[in-house]
Structures are given as C-alpha cells and as structure tokens.
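1. sequence first, predicted model second:
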Amino acid sequence: MPSPKLHRAALTAAALAWPVTFVTRAAWGLPRALGAHRRRLRPVVAGSPHFSDGKFHNTLETPALAPANTRDGLLRQWHDERHVGLPGGPIPLARPEMPEEAAELAVTWLGHASALLEIDGQRVLVDPVWGFRVSPSPVFGPTRLHPVPVALDELPQVDAVLVSHDHYDHLDLPTVEALLTTQTAPFVVPLGIGEHLRKWGVPEKRIVELDWDGEHNVGGLTLTCTEARHFSGRYFYRDTTLWASWAIAGPRHRVFFGGDTGYTPAFAGTGARLGPFDLTLLPVGAYNDAWHAIHMDPEEAMRAHGDLGGRVLLPIHWATFNLAFHRWAEPVQRLLAAADRTGAQVVVPRPGQRIDVLDPPELEDWWTAVGSLPPEEHVHTQGPGSALLVRAATRLLRLGNS
C-alpha cells in the first residue's frame, strides 16, 4: 500500500500528464488530415477565373458568417444549444440493396450528403464519408448519430467518385484511404482538391480536377462541375480550393447533386443549360441565420429544385451529424410542408434505403417516431476539453469573419 505522500505525488503526476495526453490525442494525425498546404495548391488553382487575391470567390458576395458583432451570441448559442439537434431515439437504418447491374435511375442514400447513384446503367458515389467523426482530430468534432448502413468494401464497383468540396463532412481522409483499395474509379473533384488527394496517396491517373462548367466523361456519363455558393478550407486556410455542385447526365436521365451550398440564382442557369433533372439531391440541414448565405434552408432547397427543373427531390445534409442548432427532424418536416404548397415530389429514404426513382415508393414517415431530443433531456455539462472546444470555436468564428 503506497504511503499517502506517494499517493498524492502519483495523483499530481497524473493530473499534470492528462493535458499533455489529451492534446497529443487531439493532434494525432492532424497534419495529414488537414490536406495540402496552400503553397502546393496555388500552381494548380491560380489560372481559374474564380481565383484572385489568393483565394476562390463566389459570384455573389457571400459572408461565411454574419457580422462580427454576432460572434459572442453564436458562441453562447453553441454552448447552450449544441445538443438541440440530437435525435430523440435510434435512427432506423435500411440494409442497402445492391443489384448486380446498375439500374436506369436509382439512388441509395447513405446518410448526410453521401449517396450511391445509378444512372443509365452506371454508378456514381457522391461525397462519401464513412468516418465516425467529421474532424481532423480523433477527439474534437461532430460524431455520427447513426452507424454507416453498409461497409465500404461491400459497395459494388463504381464508375466515378464525386466530391463537392473539402470540408470534413464531405471529404473524409479515412474514407479516401479505404476507397484506394476497394475501388478503382477516378475521383472527380473541384480545382485544388486533387492536391489533398495526391498528399493522401491517390495516384494521378485517378484524379480529375475541374473548374465550374468543366466536364468529364466516364462510362457514358457526362459529369459537369457547376457553380455553388459556399466556401472551403480544412481549418487553417479558407477558400484555397473550389467548391461545387454536380450535374450527372446519361443518355436518358439526369441527376443534380447539390453537395453543400447556399441558395444562388445560378441554379436557374444550371437548370436551363443542363436540366431538367429527373432527380435532385439538395442540402436541407445545418442552416442558421448567421450563415444563411452558405447553407440553404428547406424552403430554399425547394426553390432550387424548381429552378433546376427537378422532378423528384431527395433531401441530404441532415440526420447524420449535429452541425447546427435546429431540431433533428425539423429540416425534413419543413421541406415536406414546402412540398405540399408546391406539389413537388419528395422521397425521404432511411439511411441505407435504395429508391427506384422511376417508380418511387409511397412516402413513409419514419422520422416522426425518432423525433428530436426533448429540451429537458439536453446535456449541458462540460466534458473534458470543453474549454479547448470553446477556444477552437472562437478561432473558427474569427476565421469566418476574416
């Protein structure tokens, strides 16, 4: 039995060592996860007409966050309401059906913005994120609200992997590393993201980088990089890589993948040039007045669907990660209310559910049973590292206003 003096010394040593251990864990793998340095990016992106003064720009003036005087309010909201977006119960998953041959037009929603598209007999995987935490750190950052519906190595071979931009909930290092061994398809990405991929070991022959309005043909499909209204960056530097939506056109069918974007009149131009679209996948979640310019709310997604000439709308960017302060089920509830007013056709699959877009099923209300976490059950206690999280949030807010 150690003496009280030795016991106190051991406790003191442990207390002193904990911050070092915690910071070490938080920073583990950070340089690699952050991606390519801006010095490597500049030669690739400098020729774009959308790149000037060291960064990419939206066509419209687009603040990433509201004016600086709202910063303190956002920090208080983050501290007090960060649990508001949690589900009230387990999120039901579907076991994906993976036919041997790709269909004329089908989609399997895999959670958040990840989906497997089947278009005219070809397959396209969009914004694949299989990681548990959307962050460069194994300690900080939003974690999954439901498991992945299917393992990456169980996916059929795809013809292309599309990425909308380089934020962690759309470009995930562990997923990219897994796709290197489980798939052979090219990564078709906006300008600059190829440098992230090269740093992570993706061979040059599997990287296609496009500016807005650029096209790439694969397997009978034309993949067009289209204008979005957003921003980019993996923490230290912002807007050094391009962000985009995608139009995927086959001989008979067309799909629009929104990725992550605020509402923009560019949707109407895309619809006129490249539409109409049999299916649109549009973001409906993670909205807030403070960043309204870069994230659509559900009503704006419905408006974009109309601008694009969309027939069937599948909502994405909700349900899987808690990224804002609205209730968990609110995005789809608001979207369906907007659809009732316009008569639009909406499908809301469970994560992992495959939808035949040419013969969609009756709408099944599975989200009401899940519900949103009641306010009285929100957790307000501060766990280990909360002070560090607050400082990190403060840093991000400052970057957003710089």
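-> Right, received. Where do you want to start?
2. surely residue 323 touches residue 144?
-> No: Residue 323 is beyond contact range of residue 144, at 11.9 Å (criterion: Cβ atoms under 8 Å). Just so you know, the C-beta spots here come from the backbone N, C-alpha and C atoms, and that holds for glycine as well.
3. SS state for residue 195?
-> helix (DSSP: H, G, I helix; E, B strand; the rest coil).
4. verify the contact between it and residue 35 for me.
-> Yes: between residue 195 and residue 35 there is a contact under Cβ under 8 Å: 7.3 Å.
5. neighbour count winner among those two?
-> Neighbours were counted for residue 195 and for residue 35 using other Cβ atoms under 10 Å; residue 35 has more, 29 against 25.
6. any low-confidence regions in the stretch 1-150 of the chain?
-> Under the criterion pLDDT under 70, the flagged ranges of the stretch 1-150 of the chain are 1-30, 66-81.
7. let's see 50
-> 11, 13-28, 68-69 (pLDDT under 50).
8. now do the helices in the protein.
-> Taking DSSP state H as the criterion, the chain contains helices spanning 4-27, 30-34, 38-45, 71-81, 173-182, 193-199, 266-274, 298-307, 330-342, 367-370, 386-400.
9. who are the neighbours in contact with the closest residue to residue 109 other than its chain neighbours?
-> Nearest residue to residue 109, sequence neighbours excluded (Cβ to Cβ, 6 or more residues apart in numbering): residue 349, at 4.7 Å. Contacts for residue 349 (Cβ atoms under 8 Å, 6 or more residues apart in numbering) come out as 94, 107-109, 314, 355.
10. before we move on, what about residue 318?
-> 112, 283-286, 331-332.
11. number of nearby residues for residue 48?
-> Residues near residue 48, counting by other Cβ under 10 Å: 17.
12. offset the numbering so it begins at 69, please.
-> OK, 69 is where the count begins now, so the last one is residue 116.
13. residues touching it, list them.
-> Contacts of residue 116 by Cβ under 8 Å, 6+ apart are 124, 259, 279, 310.
14. which among those count as buried?
-> 124, 259, 279, 310 (16 or more other Cβ atoms under 10 Å).
15. please name the nearest non-neighbouring residue to residue 230.
-> Nearest to residue 230 is residue 194, by Cβ to Cβ, 6+ apart, at 4.7 Å.
16. pretty sure that neighbour is touching residue 326, no?
-> No: checked against Cβ under 8 Å, the pair residue 194 and residue 326 is beyond contact range at 9.8 Å.
17. so who does the closest residue to residue 253 other than its chain neighbours touch?
-> Once flanking residues are discounted, residue 253 sits nearest to residue 226: 4.9 Å by Cβ to Cβ, 6+ apart. The contact partners of residue 226, taken as Cβ under 8 Å, 6+ apart, are 184, 191-193, 251, 253.
18. now with 7 Å?
-> 191-193, 251, 253 (Cβ atoms under 7 Å, 6 or more residues apart in numbering).
19. most neighbours, which of those residues?
-> Using other Cβ under 10 Å as the neighbour criterion, residue 192 leads the contacts of residue 226 with 27 neighbours.
20. no more questions from me, cheers.
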